[in-house]
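J.: predicted model, plus sequence, below.
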Amino acid sequence: MNNPRTLDIVSLPFPLVGEGPPSKTSPLLDGKRLVLTADAGADMFLDPVGAPGTADAERFVAPISGDFRLSAFVSPVFVSDFDSGVLIGYVDPDNWFKLCAELDPSGTTRVVSVVTRDGKSDDCDSWPIDGSGTYLRISRLGPAFALHASTDGERWNMVRYFALGDPAPETVKIGFVAQSPSGDGTTATFSNIAFDTKTLTEVRDGS
């Protein structure tokens with residue numbers, strides 16, 4: 001029996017399957033665009049000081065082994081603090097990473113990344129972006145992962161370069177999330193979605 005939370009996106013060679021608590025609003029596939037709706041409070045963050053957090057927001061993901069590159073133009077509707085559209089790499093509830101187009105408490109839209117190891121998240125704010133969104137990309141190269149952002153989808157700037165466990169996980173579930181930790185909910189649109197199994201040769205410039 002088919003999973004009702006399965007999405008087939010033309011530009012991806014695999015289906016995405018919904019995990020975590022389902023949003024009250026179903027995903028929308030509009031041509032090659034994916035629109036996800038975050039319910040109020042939807043978030044993935046495990047505070048390193050041990051404050052209550054969650055790693056169980058709805059995510060649409062697929063398991064991938066080996067090197068890969070997944071990118072999209074990510075355009076959330078920025079309403080409340082931390083509203084965001086996310087590219088995610090998920091291993092288990094205690095180990096995962098995300099790259100976000102996010103609204104910060106100062107009212108600035110920016111690139112934000114989180115790497116979570118052993119149940120503790122490492123949060124990093126990066127440069128401001130246009131309020132219409134930005135290109136984001138997550139990649140694997142052997143035991144390491146790289147996060148990049150771009151204004152045009154061609155020239156990439158490195159956000160993070162890291163490992164996730166030793167030994168590295170054989171398989172990582174990659175895909176998309178919408179978040180609204182402090183708000184009443186929002187939507188995030190993912191367009192120009194692309195995937196390949198090429199290995200980065202230059203981590204710094206993303207080539």
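T.: Nice, I can see it. Numbering: from 1, shown residues only.

J.: quick check: phi and psi at the residue most central in space within the chain.
T.: For the chain, the residue sitting closest to the mean C-alpha position, by C-alpha atoms, centre = their mean, is Leu87 at 1.6 Å. With angles defined as degrees, to the nearest 10, Leu87 sits at phi -100, psi 130.

J.: got the contact list for it?
T.: 70-72, 74, 98-100, 136-138, 174-176 (C-beta atoms under 8 Å, 6 or more residues apart in numbering). Glycine gets a C-beta too; all of them are placed from N, C-alpha and C.

J.: in the protein, what helix or strand scores lowest on average pLDDT?
T.: Every helix and strand of the chain was ranked by mean pLDDT, DSSP states H and E. The lowest is strand 54-55, at a mean of 82.

J.: give the other helices and strands that that one contacts.
T.: strand 44-45 (3 or more C-beta pairs under 8 Å, 6 or more residues apart in numbering; DSSP states H and E).

J.: 10 Å instead, please
T.: Under the contact criterion of 3 or more C-beta pairs under 10 Å, 6 or more residues apart in numbering; DSSP states H and E, strand 54-55 touches strand 44-45, strand 95-103.

J.: looking at those strands, which is buried most?
T.: strand 95-103 (a mean of 26; mean count of other C-beta atoms under 10 Å).

J.: ok, that one: who's next to it in the sheet?
T.: strand 84-92 (antiparallel), strand 109-117 (antiparallel) (DSSP bridges).

J.: average model confidence for that strand?
T.: Mean pLDDT, computed over strand 95-103, is 98.

J.: and the residue nearest to Pro93 when sequence neighbours are not counted, how many neighbours?
T.: Among residues not flanking Pro93 along the chain, Ala55 sits closest, at 4.8 Å (C-beta to C-beta, 6 or more residues apart in numbering). Residues within reach of Ala55, counting by other C-beta atoms under 10 Å, total 20.

J.: relative to strand 95-103, how tilted is the biggest strand by length in the chain?
T.: Among the segments of the chain that qualify as a strand by DSSP state E, the longest is strand 185-196. On the basis of axes from the mean of the first three to the mean of the last three C-alpha atoms, to 10 degrees, strand 185-196 is oriented at 120 degrees to strand 95-103.
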